[in-house]
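S.K.: Got a predicted structure plus its sequence, pasted below:
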Amino acid sequence: MYLEKLNPQQRMAVEHGTLIDGSHIAGPLLVIAGAGSGKTNTLAHRVAHLIVKGADPRRILLMTFSRRAAAEMARRVERICRDVLGSNAGVMADALSWSGTFHGIGARLLRDYAEQIGLDPGFTIHDREDSADLMNLIRHDLGFSKTESRFPTKGTCLAIYSRAVNSETALDLVLRDVFPWCATWEKQLRELFACYVEAKQSQNVLDYDDLLLYWAQMVGEAMIAEDIGSRFDHVLVDEYQDTNRLQASILLALKPGGQGLTVVGDDAQSIYSFRAATVRNILDFPAAFSPAANIVTLDRNYRSTQPILAAANAVIDLASERFTKNLWTERQSSERPRLVTVRDEAEQARYITDMVLDNREEGLTLKQQAVLFRASHHSGPLEVELTRRNIPFVKFGGLKFLDSAHVKDMLAALRFAQNPRDRVAGFRLMQILPGVGPSTAQKTLDLMAEDASPITALGSMPAPPRSGEDWTMFVSMLQELKTGKAGWPAEIGLARQWYAPHLERLHEDAATRQADLLQLEQIASGYASRERFLTELTLDPPDATSDQAGVPLLDEDYLILSTIHSAKGQEWTRVFMLNVVDGCIPSDLAVGTTAEIEEERRLLYVAMTRARDGLDLVVPQRFFTYGQNSQGDRHVYASRSRFIPATLLQFFEACSWPQVKSQTAAQAQARQVRIDVGARMRGMWR
Ligand code: ATP
Ligand code: MG
């Protein structure tokens with residue numbers, strides 16, 4: 001019986017309000033507990049239990065903040081539902097039909113209710129880079145980048161805008177508290193943001209922030225809120241500490257009395273304050289949903305061995321503020337986490353590669369191991385070493401497949417066909433053509449915008465000089481896509497054929513990039529329609545890198561490389577953490593305020609608590625910084641992260657490498673993972 005596997009507190013949370021009778025909907029429930037205490041596990045069991053007790057799986061809404069956490073949550077729910085309910089594929093699919101990130105669910109609901117709130121349902125979604133591009137276009141149009149010396153960059157402008165929107169805070173306060181060095185431009189920023197909002201609306205695009213903002217506004221209408229709220233009997237939220245005020249207000253609007261609402265979270269793992277997430281949501285939950293809110297705390301950790309848990313507890317104990325209490329575990333072990341000193345990043349890469357292979361020889365798969373880091377670029381040297389030694393890996397977080405120029409070009413073609421008013425897509429696309437520069441693209445887009453059927457209008461425009469044939473091909477590709485006759489996913493083949501000669505012309509490594517595009521086509525064929533593909537892809541990119549050596553086939557074993565942010569909610573038997581030095585963690589960019597440093601400490605805690613049996617924190621004694629100063633690249637000497645002061649050394653086994661393990665080059669060579677290249681090539685066409 002599945003309930004017997006749970007401890008009494010977990011069971012209380014799982015059964016909360018479900019025993020009374022089939023139709024009873026439970027009051028609000030908050031589960032607050034530390035890492036690895038079974039929060040996600042409990043949430044997944046609760047879903048299964050609700051279904052057993054007669055809840056309609058299609059009326060269960062499952063949400064979390066980040067994409068990786070959403071994937072992890074869905075995986076667990078699927079597994080546990082399968083265990084509890086037997087492998088009834090229909091029920092499983094139903095239970096996951098409304099599962100995803102807040103942004104993803106928001107996008108779906110907005111399309112459903114678009115007409116009622118004066119939104120064109122054909123809207124496209126801008127990812128962060130598209131948003132920054134649009135911000136940049138307007139920044140230039142307004143002339144700020146020229147007339148105002150040192151005006152904030154497009155990225156900073158977007159960050160300020162996003163912060164104000166997500167925290168529901170007035171611009172002057174955001175500037176004062178978070179971006180004081182930009183405060184002198186308040187007037188210009190206000191104008192910029194007004195134009196930005198106008199541009200998005202006239203182009204019928206929504207950015208990430210809009211998905212929440214529009215959603216919150218939409219449920220501000222009592223009728224719509226009630227309608228959406230009544231579609232879901234149960235709303236369950238994982239990683240609640242990562243939500244911001246907008247998300248909390250959405251939940252409150254959907255379930256004003258908190259009926260059927262379950263949220264789980266851990267204040268010690270709050271690491272998204274840069275997206276305006278606030279621990280206050282957890283702390284205020286009982287008051288917001290009083291007097292009915294129930295609170296369950298969990299205190300037993302099932303994930304890590306005692307020495308790992310002790311070290312993680314010690315790190316977080318030094319935090320200035322904390323609400324969840326320390327965890328205990330029954331998993332004894334004599335192996336303390338290691339603090340490994342290496343000479344530099346190259347040696348760090350070799351150390352990890354060797355250890356990963358050692359572990360593999362001892363029976364662990366690559367997938368049971370992970371390498372974590374604070375910032376995406378920290379893994380560069382390791383990626384090179386892994387590639388060199390033919391070890392397949394997948395990287396979560398950071399520059400990926402979908403961010404590469406050629407893939408973005410293809411997506412722009414599909415997006416522009418979907419929504420010819422999407423200027424960022426159009427602007428990018430037209431400039432692929434020889435002879436078309438920014439001003440021609442702008443003019444063409446202006447003319448298109450004036451017409452009710454923009455693509456027809458485009459067809460009747462004269463080709464710009466020097467781009468005759470290319471222009472004709474471009475227009476006919478768009479017209480063909482617009483008719484939708486080719487059907488999905490054949491359309492993507494049409495776009496690829498159109499793009500192929502440009503790819504050849506623009507990129508030296510056209511062959512590798514072509515392979516990426518074939519892979520994109522394969523991914524696309526998994527989606528029901530162009531619209532669905534574009535929506536889901538912008539919000540939820542499948543993880544892949546464009547580095548061929550690093551892209552394993554689905555059934556292959558591979559090592560996980562991940563930023564800490566993307567490792568949320570997951571666990572591995574052995575975890576390696578790169579660059580545990582000051583400047584990397586805490587990051588140089590985050591040592592301004594106590595709050596920032598505290599968030600960096602929680603990041604280290606999140607990283608350490610991902611490990612089940614083994615944890616290595618690696619400390620290179622020196623590393624490259626990519627100098628923002630005139631000296632360019634240089635080595636600096638590093639010191640161990642301040643989050644592991646001398647008083648905490650007792651929790652670790654200190655060692656240095658290569659002393660830890662010396663081996664000959666021949667031995668290392670012999671232990672390389674062998675890959676059947678032929679199978680991989682065939683796999684590409686499967
Ligand atoms: P995080 O804070 O990192 O998200 P969590 O609190 O969500 O962690 P889970 O990931 O749900 O914790 O659980 C951690 C591990 O403990 C998982 O491997 C899970 O299967 C296991 N676990 C949870 N509850 C139990 C239990 N009652 N008995 C045995 N194993 C359990
Ligand atoms: Mg979890």
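M.R.: Yes, it's here. Ligands and ions are numbered 1, 2, ... in the order given.
S.K.: Helix, strand, or coil at Val394?
M.R.: Counting by DSSP: H, G, I helix; E, B strand; the rest coil, the backbone at Val394 sits in strand.
S.K.: Over to Ala370?
M.R.: Following three-state DSSP, we place Ala370 in the strand state.
S.K.: Show me what the longest strand belonging to the chain pairs with in its sheet, parallel or antiparallel.
M.R.: Looking across the chain with DSSP state E, the single longest strand is strand 611-620. Strand pairing for strand 611-620, using DSSP bridges, gives strand 338-342 (parallel), strand 572-577 (parallel).
S.K.: residues in contact with the helix or strand that the longest one is followed by?
M.R.: Per DSSP states H and E, the first helix or strand lying C-terminal to strand 572-577 is helix 594-608. Residues from elsewhere that reach helix 594-608 (CB atoms under 8 Å, 6 or more residues apart in numbering): 35, 268-271, 273, 308, 311-312, 315-316, 318-321, 337, 372, 374, 564-565, 567-568, 575, 577, 580, 585-587, 590-591, 615, 617, 641, 643. C-betas here are computed from N, CA, C, even on glycine.
S.K.: Kindly report the same for stretch 458-478.
M.R.: The contact list for stretch 458-478, computed with CB under 8 Å, 6+ apart, reads 413, 416-417, 420, 429-430, 433-436, 440, 444, 447-448, 455, 479, 494-495, 498, 502.
S.K.: quick one on the thing from earlier: can you add mean pLDDT, distance to Glu168 and mean neighbour count and give the strands paired with strand 611-620 back as a markdown table?
M.R.: Below are these laid out as a markdown table (pLDDT from 0 to 100; distance: least, CB to CB, whole Å; neighbours: other CB atoms under 10 Å):
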| stretch | mean pLDDT | distance to Glu168 | mean neighbour count |
| --- | --- | --- | --- |
| strand 338-342 | 96 | 42 | 21 |
| strand 572-577 | 98 | 35 | 24 |
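S.K.: residues from the stretch 501-650 of the chain in reach of ligand 2?
M.R.: Proximity of the stretch 501-650 of the chain to ligand 2 (CB under 5 Å from the ion) is limited to residues Gly569.
S.K.: Can you name the residue of the stretch 501-650 of the chain nearest to ligand 1?
M.R.: Proximity of the stretch 501-650 of the chain to ligand 1 (CB to the nearest ligand atom) peaks at Gly569, 4.1 Å away.
S.K.: Check the stretch 151-300 of the chain too.
M.R.: Asp266 (5.1 Å).
S.K.: OK, contacts around that residue?
M.R.: Asp266 is in contact with Ile32, Ala33, Gly34, Ala35, Lys39, Gln241, Thr324, counting by CB under 8 Å, 6+ apart.
S.K.: got it, and Asp94?
M.R.: Going by CB under 8 Å, 6+ apart, Asp94 touches Asp56, Pro57, Arg58.
S.K.: Kindly report the same for Pro307.
M.R.: By CB under 8 Å, 6+ apart, Pro307 lies in contact with Ser333, Ser334, Glu335, Arg336, Pro337, Phe651.
S.K.: Of the residues you listed, which is the most crowded?
M.R.: In terms of neighbours by other CB atoms under 10 Å, the contacts of Pro307 top out with Pro337 at 24 neighbours.
S.K.: Ligand 2 versus that residue, what's the distance?
M.R.: 21 Å (CB to the ion, to the nearest Å).
S.K.: Neighbours of the nearest residue to Pro152 once chain neighbours are set aside, how many?
M.R.: Distance criterion CB to CB, 6 or more residues apart in numbering; nearest residue to Pro152, sequence neighbours excluded, is Cys182 at 5.0 Å. Using other CB under 10 Å, Cys182 has 19 neighbouring residues.
S.K.: Cys182 reaches Ala159, doesn't it?
M.R.: No. Cys182 is beyond contact range of Ala159, at 9.6 Å (criterion: CB atoms under 8 Å).
S.K.: can you put the contacts of Asp94 in a markdown table and add neighbour count and secondary structure?
M.R.: Putting those into a markdown table (neighbours: other CB atoms under 10 Å; DSSP: H, G, I helix; E, B strand; the rest coil) gives the following:
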| residue | neighbour count | secondary structure |
| --- | --- | --- |
| Asp56 | 13 | coil |
| Pro57 | 23 | helix |
| Arg58 | 16 | helix |
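S.K.: ok, of the residues you listed, which one's closest to ligand 1?
M.R.: Closest approach to ligand 1 among those (CB to the nearest ligand atom): Pro57, at 20.3 Å.
S.K.: how near is that closest one to ligand 2?
M.R.: Using CB to the ion, Pro57 is found at 21 Å from ligand 2.
S.K.: try Leu236
M.R.: Taken as CB to the ion, the span from Leu236 to ligand 2 is 12 Å.
S.K.: Identify the residue spatially nearest to that residue, adjacent ones excluded.
M.R.: Thr262 (4.5 Å).
S.K.: which element follows the helix or strand harbouring that neighbour toward the C-terminus?
M.R.: Thr262 belongs to strand 261-265 when assigned by DSSP H and E. Next in sequence after strand 261-265, counting helices and strands by DSSP H and E, comes helix 280-288.
S.K.: Please work out the average pLDDT along that following helix.
M.R.: Averaging pLDDT along helix 280-288 yields 86.
S.K.: what's the offset of that helix from the middle of its chain?
M.R.: Mean-position distance between helix 280-288 and its chain equals 25 Å (CA atoms, centre = their mean, to the nearest Å).
S.K.: Report the buried residues of it.
M.R.: Using 16 or more other CB atoms under 10 Å as the test for burial, helix 280-288 gives Asn281, Ile282, Phe285, Pro286.
S.K.: In the stretch 301-450 of the chain, which residue sits closest to ligand 1?
M.R.: When you check the stretch 301-450 of the chain against ligand 1 by CB to the nearest ligand atom, the closest residue turns out to be Tyr302, at 3.2 Å.
S.K.: re the thing from before, how far away from the center of its chain is the strand holding Thr262?
M.R.: Remark: strand 261-265 is offset 20 Å from the chain centroid, using CA atoms, centre = their mean.
S.K.: Can you list the strands that that strand pairs with?
M.R.: Next to strand 261-265 in the sheet, as set by DSSP bridges, lie strand 29-33 (parallel), strand 234-237 (parallel).
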